[in-house]
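[1] give me the fold of what follows.
(chains A and B)
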2 protein chains.
Amino acid sequence: MAAVSLTLTAREVIFSPMQDQEMAPGADGSVGVIKPRSLTGFTPPHELKLDCGRKLGPITQVYETYGRLNRRRSNAVLVFHALSGDHHAAGRCRPDDPKPGWWDNMIGPGKAFDTGRLFVICANVLGGCRGTTGPGSINPRTGRPYGSAFPIVTLRDMIRAQKTLTDHLGIRQLLAVTGGSMGGMMALQWAVEYPSSVRCVIPIAAAARQSPKNIALQEVGRRAIMADPDWNGGDYYGRTARPVRGLGVARMIGHISYLSGRTMWDKFGRRLMNGDRLAFDFVPEFQVETYLQHQADIFVKRFDPNSYLYITKAIDYFDLANGLRNGGSLKAHLAARFKKCPSKFLILSYTSDWLYPVERSVELAEALKSAGREVRHETIQTTYGHDACFLEANRMAPIIREFLEANQAA
Amino acid sequence: MAAVSLTLTAREVIFSPMQDQEMAPGADGSVGVIKPRSLTGFTPPHELKLDCGRKLGPITQVYETYGRLNRRRSNAVLVFHALSGDHHAAGRCRPDDPKPGWWDNMIGPGKAFDTGRLFVICANVLGGCRGTTGPGSINPRTGRPYGSAFPIVTLRDMIRAQKTLTDHLGIRQLLAVTGGSMGGMMALQWAVEYPSSVRCVIPIAAAARQSPKNIALQEVGRRAIMADPDWNGGDYYGRTARPVRGLGVARMIGHISYLSGRTMWDKFGRRLMNGDRLAFDFVPEFQVETYLQHQADIFVKRFDPNSYLYITKAIDYFDLANGLRNGGSLKAHLAARFKKCPSKFLILSYTSDWLYPVERSVELAEALKSAGREVRHETIQTTYGHDACFLEANRMAPIIREFLEANQAA
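    Below you'll find the model as predicted:
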């Protein structure tokens, strides 16, 4: 299965952001049925110069929007997705779609990001596999998928691509940028890169730099993919087999890191699939094993192994302190980065998150304060671990609504 | 490479435990040069009936001893190794051996387990790959290595095999059983299984049952091995390739779980191998990545992938509360299991251990107390994570020495 969905990339249309969306607000309080749109930019010779030094273009970005942009174009919120997410953040793709977008509990009428008042944008990241240009896209130089020829991209490259999208939509200043996990790090990168372009920055379950433990966890996932003979050096498009075994292992590691130990006890304990009987075999038999296997099976159907490599690498490269290469403390580095950023910050962290623990948010909040920034840091008591940023909507919503209302354009 | 070392299994000798060892106490305070011994038992028709219902035999067990058994045979300490360990716990295999045994900092003259006074025994576990019968051993029914025909074994099976070893050595009551991680769980299993056979039980960085998070981590490692085409359903002995890529991934996951996040910052931070320059490639480039890769490379040379499957499965099956299948609380279950056990317990846990966190030791200590047992639980403040049980010798030694001295046979 090729990674690029033709249905999506076929809709490369330039449209007016004011036009009616193909959307019917759902009776379930969701934004209803949503169709993705796409924007193609950076067509040669104006290619995007990447952090790695190489140029990339044309770049297609697939995105969805929810709600309406107001006349002053002052109510836009740009949402960044996490590693395994995509542009489909809210609503349903078809009326009978069994599952809504990944942040449907946060984006919709009356929700944290209230589409009755806000215009919410979410784009699939550069390097992804849901329509935005990535390793599975056609390389115009060869007429075949990029594969191993796709350049390493950074979170900065991703947001630079998305800046063309908000420019295209005619938005000079966003009300907010936000996201959980990788999305939270992209929000921070945006604030540093385009300091005057955003009023509110809401990094959730994130950090100012990727920790060595997280690099290690992601590297193991990458090794598992690259050890799969079907990976074929990254050039498996058009072949019968994709490296799904390796990707499955990577996804299992990821899933473990998203849950807390407590959640695993509550959700699975030591319960077996087969009642009381141990299998005395290497089949998955504990419920936690079959859960992980099931998650891996679903994931490998919808995700491109190469995109997993490129996006995890981009996250691992993320470091607002640039490796402290010029000496000095993390706090001093961050303070310098945020000095010119007039935005207000709301940081959310979760007590049982061991991937991006509360301390990383405390560290970030302190650096922002020392840079003279206005910061609110809220820690939510939860057993859900890192996943809390996608699950604790009821507890996040009032905090986010209050913050946005207090900081809306006058 | 076959998993069984011929040098070891060739020494199947019955010997008197009183005889002089081939040992020269080292000038470095170690026990000196140690030669492994082996014992073969359970020869058919008296095979070991395993927990899975199958029978296994003959069973060879390779072990080392340090110090001398006293005339009353009352100074013996049985040490159990962890997942990746073996019988070579202390001293050196050859005078020029660059590395001593895995617990050399704990076993030797004047150390925590003082070989000037104690007789220390350590055997490679059943299912292992260092000489004790395991999946790479010759199946007497076929004349070829067991491979996939090797039965699933439990920690209980492993200690039942080792009981024949202490019986063979003429030891009616051990002064102590101990071990870290899996070794600590084996010590607990021993106390339950042979309650009158041991005076002191010292489980270190362990738990009364394997947690779902740890099952999950180990299952991912198993999947990585079994996804490797070179695994060949477990029957790869005698073929040119072993599933080393899968085993490497499994070992990397293991290593991450043994370290604390703090240690990873201290040891590696975000430092690159290549100075300041990001590689913009998928080669290992962060120091933490090359460290893991190096650990994996070393490990796959010395460990049998099948043994990794069998031993991790045995750990995952470990549950002194039997899955709470008869209802009731963990505490009540454990209290019932330890009611008949007259041993005294010293439990050691480590603040930064997230694999077997302090809470699991607290839980165990409380259950033992409610069963009327004498328990001392010491938590050591450390940043070393789970690995602390092999590293914090200086802080463990006085606690263990004091405990053993107080409980020596009069």
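[2] residues contacting the closest residue to A:A224 other than its chain neighbours?
    With sequence-adjacent residues excluded and distances taken as C-beta to C-beta, 6 or more residues apart in numbering or on different chains, A:A224 is closest to A:V249, at 3.9 Å. For the C-beta atoms, the positions are set from N, CA and C on the backbone; glycine is no exception. The neighbours of A:V249, taking C-beta atoms under 8 Å, 6 or more residues apart in numbering or on different chains as the test, are A:221, A:224-225, A:296, B:220, B:223-224, B:227, B:249.
[3] A:V249 should be in a strand, yeah?
    No - applying DSSP: H, G, I helix; E, B strand; the rest coil, one finds A:V249 to be helix, outside a strand.
[4] and it, what pLDDT?
    We have a pLDDT of 98 for A:V249.
[5] before we move on, back to that, which of the contacts of A:V249 sits closest to A:S329?
    Nearest to A:S329 among the contacts of A:V249: A:G221, at 31.1 Å, using C-beta to C-beta.
[6] ok, so what distance separates that closest one from B:L217?
    13 Å (C-beta to C-beta, to the nearest Å).
[7] just give me the neighbour total for A:I204.
    29 (other C-beta atoms under 10 Å in any protein chain shown).
[8] quick one: the helices in the stretch 1-150 of chain A?
    Along the stretch 1-150 of chain A, counting by DSSP state H, counting those that start in this stretch, helices occupy A:6-9.
[9] can you tell me the residue of it closest to chain B?
    Residue nearest to chain B within the stretch 1-150 of chain A (C-beta to the nearest C-beta): A:C52, separated by 3.9 Å.
[10] OK, contacts around the residue lying closest to that residue once chain neighbours are set aside?
    Ranked by C-beta to C-beta, 6+ apart and with sequence neighbours excluded, the top spatial neighbour of A:C52 is B:F280, at 3.9 Å. Residues near B:F280 by C-beta under 8 Å, 6+ apart: A:51-53, A:151-152.
[11] thinking again about what came up before, the residue nearest to A:A224 and B:Y310, how far apart?
    From A:V249 to B:Y310 the distance is 19 Å (C-beta to C-beta).
[12] sorry, back to before: of A:G221 and B:L217, which one has the most company?
    Shown here are A:G221 and B:L217; by other C-beta under 10 Å, A:G221 has more neighbours (27 against 22).
[13] what about the strand or helix carrying that one, average pLDDT?
    Assigned by DSSP states H and E, A:G221 belongs to helix A:212-227. Helix A:212-227 carries an average pLDDT of 98.
[14] check stretch A:306-323 too.
    Mean per-residue pLDDT for stretch A:306-323: 95.
[15] ok, now stretch A:331-343?
    Average pLDDT, stretch A:331-343: 90.
[16] quick revisit: and the helix holding A:G221, what does it pack against?
    helix A:244-258, helix A:305-317, helix B:212-227, helix B:244-258, helix B:261-267, helix B:287-302 (3 or more C-beta pairs under 8 Å, 6 or more residues apart in numbering or on different chains; DSSP states H and E).
[17] what angle sits between the last one and helix A:212-227?
    Counting by axes from the mean of the first three to the mean of the last three C-alpha atoms, to 10 degrees, helix B:287-302 points 50 degrees away from the direction of helix A:212-227.
[18] so what does helix B:287-302 touch, helix or strand wise?
    Right, helix B:287-302 is packed against helix A:212-227, helix B:244-258, helix B:261-267 by 3+ C-beta pairs under 8 Å, 6+ apart.
[19] residues contacting the shortest one, please?
    Residues outside helix B:261-267 that contact it (C-beta under 8 Å, 6+ apart): A:211-213, A:216, A:354, A:357, B:259, B:288, B:291, B:352, B:383-385, B:387.
[20] of these, buried ones?
    The neighbour-count test (16 or more other C-beta atoms under 10 Å in any protein chain shown) marks A:211-213, A:216, A:354, A:357, B:259, B:288, B:291, B:352, B:383-385, B:387 as buried among the contacts of helix B:261-267.
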